[in-house]
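In: sequence isn't available, so here's the structure alone:
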Ligand SMILES: NC(=O)c1ccc[n+]([C@@H]2O[C@H](COP(=O)([O-])OP(=O)(O)OC[C@H]3O[C@@H](n4cnc5c(N)ncnc54)[C@H](OP(=O)(O)O)[C@@H]3O)[C@@H](O)[C@H]2O)c1
């Protein structure tokens, strides 16, 4: 059995990875997080190096991140530590023992002004602290490890905090919700992302990949799909980003257009994601996990 270190195992993706790999006896997962039984803080290079040298995994799957996009606008140093220094430390450690590193990044590395689905070859230009620090994390991974697979995903939901759960919670107390309708992207289930990682892991197909569900939508239409699946008649009031920002001045700037094209996955015939409608329907069938 190959040992795989999973960081951030308590997060949405960490949990999905555990479910996805549960029946694959080729791998033994070593689950770590800041508050798990096995504690590993990815921001601490000495801790990361000694843990990895001691356990000698064949691969590290980095599911750890600071994902609270608005909060980190005022906490750029912590964001840089977790989203950039963390993957740097994992890359240094993976390279030290010649392990593979699977790292997850985001559509927020793009400025959001495109008029076509973005490939891995399109220019980046983050507009938020989160986008900037995740981009720095990608660069560190490329700089310090050679056997890496970076997967940029978007609008992720799974077993944890996410937009779908927030909408369902708010609908318990509101008949109408205001949601932006001019930001376009693709909701992606952690389950689909975990399947993609499972497909890439045993291969030597390294590099940067876009990995989102197929199709695209906007946040308001996504909320409507969620209420349809939940059989709720909550009304979604569509607003522009400008209108939303005026009412919520604390919110971080987000890319208006962040539809990703899974170009490298397609060119390398690696994994085909489900359509986002099918993935969110599966999420409801799975009891929002
Ligand atoms: N969520 C999205 O919409 C989205 C979109 C695009 C890309 N992504 C990327 O997808 C990946 C998975 O995201 P997710 O939604 O599964 O994240 P998540 O649910 O927020 O989970 C992240 C996990 O990392 C842990 N963590 C935080 N700081 C850590 C540290 N210093 N050392 C070790 N673990 C630490 C967190 O613990 P605490 O909760 O205790 O802090 C949490 O358990 C991330 O790389 C994220 O940037 C997410």
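Out: Right, received. Where do you want to start? Because the structure is predicted, anything quoted here is derived from the model rather than measured. Residues are numbered from 1 along each chain as shown.

In: so which bits of stretch 98-105 are buried?
Out: Buried residues in stretch 98-105, counted by 16 or more other Cβ atoms under 10 Å: 99-105. Bear in mind the C-beta positions are built from the backbone N, C-alpha and C, glycine included.

In: and of the residues you listed, the nearest to the ligand?
Out: residue 104 (3.8 Å; Cβ to the nearest ligand atom).

In: list the beta-bridge partners for the closest one.
Out: residue 151 (DSSP bridges).

In: OK, contacts around it?
Out: 13, 62-63, 65, 150-153, 193 (Cβ atoms under 8 Å, 6 or more residues apart in numbering).

In: which ones, among those residues, also lie beside the ligand?
Out: With the criterion set as Cβ under 6 Å from any ligand atom, the members of those near the ligand are 13, 63, 65, 153.

In: how about the strands in the stretch 101-250 of the chain?
Out: According to DSSP state E, counting those that start in this stretch, the stretch 101-250 of the chain carries its strands in the segments 148-153, 156-157, 176-180, 184-185, 188-189, 207-210, 217-218, 235-239.

In: direction included, what does the second one pair up with?
Out: It refers to strand 156-157. Applying DSSP bridges, one finds strand 156-157 paired with strand 188-189 (parallel).

In: quick one: the partner strand to chain centroid distance?
Out: On the basis of Cα atoms, centre = their mean, to the nearest Å, strand 188-189 sits 9 Å off its chain's mean C-alpha point.

In: ok, stretch 209-223 next?
Out: The answer for stretch 209-223 is 13 Å, by Cα atoms, centre = their mean.

In: buried sites along it?
Out: By neighbour count on 16+ other Cβ under 10 Å, the buried set for stretch 209-223 is 209-214, 216-223.

In: swap in stretch 116-128?
Out: 117-118, 120, 122, 124, 126-128.

In: and what of stretch 192-205?
Out: The neighbour-count check on stretch 192-205 (16+ other Cβ under 10 Å) flags 192-198, 200-201, 205 as buried.

In: now it: mean pLDDT?
Out: Across stretch 192-205, the average pLDDT comes to 98.

In: enumerate the residues of the stretch 1-150 of the chain near the ligand.
Out: When proximity is defined by Cβ under 6 Å from any ligand atom, the stretch 1-150 of the chain lies next to the ligand at 7-8, 10-13, 33-35, 41-43, 63-67, 82, 86, 104, 106, 134.

In: in strands, which of the residues you listed appear?
Out: 7, 104, 106 (DSSP state E).

In: picking up where we left off before, which of the buried residues of stretch 116-128 lies closest to residue 58?
Out: Residue 58 lies nearest to residue 120 out of these, by Cβ to Cβ, at 25.1 Å.

In: so the closest one touches residue 262, yeah?
Out: No - judged on Cβ atoms under 8 Å, residue 120 makes no contact with residue 262 at a distance of 9.2 Å.

In: can I get the ones next to the ligand among the contacts of residue 104 in a markdown table with neighbour count, pLDDT and distance to residue 288?
Out: Output for these, formatted as a markdown table (neighbours: other Cβ atoms under 10 Å; pLDDT from 0 to 100; distance: Cβ to Cβ, whole Å):
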| residue | neighbour count | pLDDT | distance to residue 288 |
| --- | --- | --- | --- |
| 13 | 29 | 98 | 15 |
| 63 | 28 | 98 | 19 |
| 65 | 24 | 98 | 21 |
| 153 | 25 | 98 | 19 |
